[in-house]
Structure formats: structure tokens, C-alpha cells
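S.K.: Okay, here's the prediction I keep looking at, along with the sequence it came from:
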Amino acid sequence: MSLNRREFIQLMGIAAAAGLVPGCDSKQQTPAKTSAGVASSGVLRKPEELYNIPKFGNVAIMHMTDCHAQLNPIYFREPNVNLGIGSAFGQPPHLVGDALLKHYGIAPNSIEAHAFTYLNFVEAAKTYGKVGGFAHLRTLVKKLRAEHGPDRTLLLDGGDTWQGSATSYWTRGKDMVDATNLLGVDVMTGHWEFTYTEEEVINNVKAFKGDFVVQNCFVRDEASFSYKYADFAGYNENTQRAFKPYTIKQMGGARVAVIGQGFPYTPIANPQRFIPDWTFGIRDSEMQKLVDQIRETEKPDAVVVISHNGMDVDLKMAEIVSGIDVIFGGHTHDGVPSPTIVKNKTGQTLVTNAGSNGKFLGFMQLDIRNGKVQDFRYRLLPVFSNLLEADKEMDALIADVRKPYVQTLAEELAVADPDGDALYRRGNFNGTFDQIICDALNTINDTQISLSPGFRWGTTVLPGQPITMDNVMDQTCITYPETYARDMKGSELKAILEDVADNLFNRDPYRQQGGDMVRVGGLDYTIDINSTIGNRIRDMRLDDGTPVEPDKNYKVSGWATVGAQSPGEPIWETVSTYLRHVKVAKFKKLNTPKIIGADGNPGIADYKA
């Protein structure tokens, strides 16, 4: 039986009285104290106090990122594997479970512990309910604007907003443009936004009422002479930047510059064929030049970056590029309760990351006086739909968007195994829903091995709940969904695993592209996370224990090819056919690798190979 909001708050009040919910008293925290203030996730005595934030400073910046087009509330399980190596060992965001709770002083078995970790996920999800949802998010945004001053607040969106659901795919991202316009997003940057065609991207940017800023997206030299969007207002012929690189906002008596940093590896991680005229890159030298130029010509009181680099890349950029006060980061889907303070040659930069799927809203308050940031406060607020009334206007927009597709999306394809774990994706290696996708590929295509990309988006289904077409689209909905089945040598399989592993475990953050290991079905292997490319993957075996031989051919299926378009049906057709057939979604084996080098690493817990 579901609870209404009043009943839920009453239940949580009982939990608070029993000491099961942490309190909102900074004296009980273990916050990170710095010369620039106190960074704290905030703790609460009563659930209804979660969103009551004392006034501080003169500027408040709200930050959402990586919502992946999730308009309705969802379940989303945080990872139990988020390994950091080298200098990232034991450092945020590479903390999971109890290690994360201890680091941030969050009480176990609390509503915040559920928000930030995978611990006791299924039972906690049943207790606290779903998270996110644009109607509930809008209620929170409106509350914070009203309490802290509309002229003192700004809402930033880190991108990955126009992709991740069926309706965003079918409307080519237009549903999310309308939703973010109603939500009141002031500034955004992008990544999966660029997996539509250039024309669709430009049209959506034109329809977006805020500022779309990307300092690191340039028109290729060979395209600049006949660039078909030369009349687009964001294009600069002199710099060849395809979009406006920054915007200036006057708020709370201060001038705040907001620079956009799109995903640097877009044409590598996603098909270049959709955006043939644009090139990206980290471009930290251009970022430094731009920051210096803005500081000199615009005379801002603060410079912030809305970034889609991924947190490890942001941390390195913050060391290299000086003059940035705050980086509001995204891409790696890390829900980090407090900013990391990074020292550089002229001072320090705060680096944040605000999770994914509409589950969190970052809220940073800045005290800006005498031309600079003097102090700050920060909360990463979990968006619990049971604690926030749905905004009626946003509810109506969502219903209107989904109306033509309701019957298709509501189809119940199968039931999640009542005796199994939740079906989830997030984690460095295979997730349970990933295994369902891999098993579907092997079964439908009659292959020995299947490969599925390590995307970090995809909602969670609780045991015993129906798996709808909506859920399948949440897991698979991209603009290059075509499947394939072909012969592949063992040496090719190893090369693929080695390449992805180097992307994930390279000690230089600038060589990481985000995402997790490619998911595998029908295949086991061992990985040495501390080794180098070509030497990490070993002992590859089929499910029956047969070693994979380098020169032998194997039947392999997969989807989401970045190069040439694959010939097969969209992956959601494959998965839905499989689920209709099995009726109960379960698997005999979760193909997770054996890991070498993870002993004592606080980025892994409750892991079974």
C-alpha cells in the first residue's frame, strides 16, 4: 500500500523520534572546514526540515545534472563499486557504502544514508519511496527561489538532460527543453544533447529560454568556410566556437560569470556522424585564457563553471586552471555531499558533483563581497517525491508529453525476480539490469558472448515489480540503438576490454572518458586495475569455464556502435522480446570479473565475482 505525503511525513517523524534519521545540527557533523567556509551535506532532525535551509550570503546557486530525461519519480540505486586508483584512492567520489557515510558523517540507516549509498537499498526504497520527478523538483526549486530571493538565485543544468527516456527520443529532446524552460533553468551545458543531429541540437538550443554555454566546442577548420549555422547567435566566427562560451548574471549585488564545459570526448564516446562539423576536447589552456579574459574585461565578482567533464577531470582541471571559484560538475553521476577544495596557484576552487536522474539538487550559498567569494555553504539535497508536493503545472506538462505514448510505455513485459536483487545498472562492473540486457542479446541472437556499454544512466526496478516498456526504454534509449551479431576473435574481445579498462582505470584523469566497464554476458575474466593497458585483462573464459583463445572465433552480439551504424534491430526490441518470453526476469549468473588490486579500497563493498 502506498502512503500519501502526510502519512509518509508522520512515519518519518516516528523514525526521527526513534533516532533512525540524522539531525540538522552542524555540531553533530564531521564537516570539511576550510578557510572558505564549511562544506556540509546537512543533517536533519525531521524529514520535513530536509529542505529548510538557513539564509546565508547574497548568492545562491542551484545545480542539477545528468537527469537523463527522467520526468517522473524513479528508483535509483547508488553503486557499491566506484574504484579510485593512484591519487584518487580513497578520495571522493571513489567512496561507497559505509566508507562514504563515515567520510561525510552521515548516520547509518537514515534517509540520507539511503540517498547517498546502496546500503539496504530495497528495504529503504520501500520505506522512503521514489526520488526525483520534475514536478517535485520544480516545487523544491520554487521554494528555494522564494525563500532566498528570485534575484539572488540561479539554476544551472550540467547536461545529459535531453536523452534517456522514450519521450525524449521520440520528441528529439523537445520534451526536455519544454520541461527545463518551465523548471526555470538559467544556464546549461551539454553532452548527450549532442547525440542528436546538429540541426536538432541548434533548434533545441534556440527553443531553450536560458543560456546554452560551451567553451570547448569548436567548428572544425574544414567546415568553417561553409558552416551552415553561421547565422546562429551562439557561433563566433573569430574564435570558431559553435556556442556561446559563457554568460554574466547579475545577482545579489554581485556579477557572476558562468562558463560552460561540455563533455570533452563527445565525438569519441558517441558517434561523430551526428555532429560532423564540431570538435571538443578538455581544452584547459583555452579555459585559462577565457577565465583570464573574463576577469580582465567583465570584472566579475565570481567565476563558476558548469561542467560535464566528470569529477576526476574537474579535480585535475581545478589544479591547472586558476581563477575559477566553483566547478559545478557532472557526467560521472557521483552524488557527493560536500565539495572538494582544490588548491591552485592563485587560490582555491570548489569542485562538486550532483548525482543523476533528477535524484539530487545541489544548493550552494555564496557570500560575495569586495569583489570575491568570502565564504560558502553547501547542501546536496535528495529529491524525495514523498516529501515534496508535485507542482501542478509541471505535472500537466508531463502528462501532455506522455499522453500519445502511455499505452506503449505501460506494457508490462515481465516481473523482476521476487527472490532476487533490485535490477540496477550503476557500478564499475556488471549491474543486474545490464545482465538482463546481455542475456537478451545472447538468447535472441543465439550468440556465445554479448557486450553492452557501461552507461551510468538507467533506472532501478525493485524485486517483484513489473518491468514495463518504460523501464526498458530508460535503460536503452539512445539515438544509435541498433544491435549486431558477428564473429569476433578472442584477441579482439581482449582488446575491447583493455581499451575500456584503460578509459576507466588510467591514472591520468584526462585520459578517462567516464562511464563504466563494458558489460559482458557469457564471459568471465580477471582484471588488474593497477596495471597498464594491454596487461589488465587476463583469464577470459566462457560461462562453462572454457578458456577464450586469442585466435579462435566466437559469436558475439552487442549494440550502440560508435562507428558505422549496425544492421540489427533497436536494442529495446531485443530486450522486450526476451522479457515477454521469460516472464520473470532472473539470471543464472552475474558475469562480474575477478578483481586484482582492490583489497582495502573504500570504493568497493559487498562485491561477488
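M.R.: Okay, I see it.
S.K.: now Asn530: how far from Ile294?
M.R.: Distance, Asn530 to Ile294, by CB to CB, to the nearest Å: 40 Å. C-beta: built from backbone N, CA, C; applies to glycine.
S.K.: need the helices for the stretch 201-350 of the chain, in chain order.
M.R.: 221-224, 266-269, 284-297, 311-320 (DSSP state H, counting those that start in this stretch).
S.K.: any residues touching the third one, and which ones?
M.R.: Defining contact as CB atoms under 8 Å, 6 or more residues apart in numbering, one finds that helix 284-297 is touched by 215-216, 245-246, 257, 259, 261, 300, 303, 305, 317, 320-324.
S.K.: Buried ones only from those residues, please, as a ChimeraX command.
M.R.: The buried subset of the contacts of helix 284-297, as determined by 16 or more other CB atoms under 10 Å, is captured in ChimeraX by this line:
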select :215,216,245,246,257,259,261,300,303,305,317,321,322,323,324
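S.K.: from the contacts of helix 284-297, which single one is nearest Gly420?
M.R.: Gln261 (39.9 Å; CB to CB).
S.K.: residue contacts, the closest one?
M.R.: Gln261 makes contacts with Thr189, Val214, Gln215, Asn216, Met287, Val305, Ile306, Ser307, His308, Asn309, as judged by CB under 8 Å, 6+ apart.
S.K.: returning to what we had before: to Lys130, which of the helices of the stretch 201-350 of the chain lies closest?
M.R.: Nearest of the helices of the stretch 201-350 of the chain to Lys130, taken as CB to CB: helix 311-320 at 25.3 Å.
S.K.: The closest one: how far from the chain's middle?
M.R.: In terms of CA atoms, centre = their mean, to the nearest Å, the centre of helix 311-320 is found 17 Å from the chain centre.
S.K.: go on, stretch 325-332?
M.R.: Worked out by CA atoms, centre = their mean, stretch 325-332 lies 11 Å from the chain centre.
S.K.: okay if I get the helices of the stretch 201-350 of the chain as a markdown table plus distance to Val406?
M.R.: Listed next are the helices of the stretch 201-350 of the chain as a markdown table, based on distance: least, CB to CB, whole Å:
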| stretch | distance to Val406 |
| --- | --- |
| helix 221-224 | 41 |
| helix 266-269 | 33 |
| helix 284-297 | 44 |
| helix 311-320 | 37 |
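S.K.: out of those, nearest to Arg77?
M.R.: Using CB to CB, the helices of the stretch 201-350 of the chain put helix 311-320 closest to Arg77, at 19.1 Å.
S.K.: hmm, who's touching that closest one?
M.R.: 84, 88, 92-93, 264, 282, 284, 287-288, 307, 309, 324, 327, 329, 331-332, 334, 336, 340, 342-344, 349, 351, 353, 509-510, 512.
S.K.: of these, buried ones?
M.R.: Among the contacts of helix 311-320, those buried by neighbour count (16+ other CB under 10 Å) are 84, 88, 92-93, 264, 282, 284, 287-288, 307, 309, 324, 327, 329, 331-332, 334, 336, 340, 342, 349, 351, 353, 509, 512.
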